[in-house]
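Enquirer: here is the input, now give the coordinates:
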Amino acid sequence: MSARVEHLTTSGVFALDGGEWQVDNNVWLVGDDEEVLVVDAPHDAAPVLEAVGGRRVVAVVCTHAHNDHVNAAPALAEATGAPVLLHPEDRVLWDMTHPGRAPDGELSDGQVLTVAGTELTVLHTPGHAPGAVCLYAPGLGVLFSGDTLFQGGPGATGRSYSDFPTIVASIRDRLLSLPPETVVHTGHGDSTTIGAEAPHLQEWIDRGH
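Expert: Reported below is the predicted structural model:
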């Protein structure tokens, strides 16, 4: 059985720099009837565990460590025995939410994760956060972009540990070179494609200045 992509949405609070915002987060599961990989663990572990069912969780992969993407990661790991994986440059953000509880493993650029016979390549795409990553699964024709690329442009860069020129460079150099038909599954909101977003790069740059 080939891998498939499953989706659920959870709601909660994003908190940073003393502010709080109510947000809806996408959770993506990649796998088959036997095993699954979880992309981001926001807010509450219960709905994610319900979606996992009885399957083995290969890993809980954090696209970055803002609290609305990692709140439930330790609980999910405890319930499933799966490791929590995070790029080391996001430890400063992780430690704000989970002081004293380190991630179980590190993500690195070019690393390949495998679930249900499908390979996902880790792309380090800093800008929204220093350790932000995307996961590219060419066999499925999909990219899990976290908060790096959305329908309509780059992720936010107005808060601590983020940088607009850096996120634009990440998108330009690492993502827009992917096949245009690649479906982009985002951390919030609707999915898009590389081909739909690529023509607007200069508009984003002009808007960001």
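Enquirer: residue ranges with poor pLDDT in the protein?
Expert: Applying pLDDT under 70 to the chain flags residues 1, 209.
Enquirer: one more time with 80
Expert: Confidence mapping of the chain against pLDDT under 80 gives the ranges 1, 208-209.
Enquirer: strands along that one, start to end?
Expert: When assigned using DSSP state E, the strands of the chain occupy the ranges 4-16, 19-31, 35-39, 56-61, 84-86, 105-106, 112-115, 118-124, 133-137, 142-146, 149-150, 153-154, 183-186, 192-193.
Enquirer: okay, these, which one's buried deepest?
Expert: strand 142-146 (a mean of 28; mean count of other CB atoms under 10 Å). For the C-beta atoms, the positions are set from N, CA and C on the backbone; glycine is no exception.
Enquirer: strands paired with it, and their directions?
Expert: Using DSSP bridges, strand 142-146 pairs in its sheet with strand 133-137 (antiparallel), strand 183-186 (parallel).
Enquirer: any chance of the strands of the chain in JSON lines, with distance to residue 199 too?
Expert: Shown next, in JSON lines, are these (distance: least, CB to CB, whole Å):
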{"stretch": "strand 4-16", "distance to residue 199": "25"}
{"stretch": "strand 19-31", "distance to residue 199": "24"}
{"stretch": "strand 35-39", "distance to residue 199": "26"}
{"stretch": "strand 56-61", "distance to residue 199": "29"}
{"stretch": "strand 84-86", "distance to residue 199": "32"}
{"stretch": "strand 105-106", "distance to residue 199": "35"}
{"stretch": "strand 112-115", "distance to residue 199": "30"}
{"stretch": "strand 118-124", "distance to residue 199": "21"}
{"stretch": "strand 133-137", "distance to residue 199": "19"}
{"stretch": "strand 142-146", "distance to residue 199": "17"}
{"stretch": "strand 149-150", "distance to residue 199": "14"}
{"stretch": "strand 153-154", "distance to residue 199": "12"}
{"stretch": "strand 183-186", "distance to residue 199": "14"}
{"stretch": "strand 192-193", "distance to residue 199": "11"}
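Enquirer: so how far is residue 36 from residue 46?
Expert: When distance is defined by CB to CB, to the nearest Å, residue 46 is 16 Å away from residue 36.
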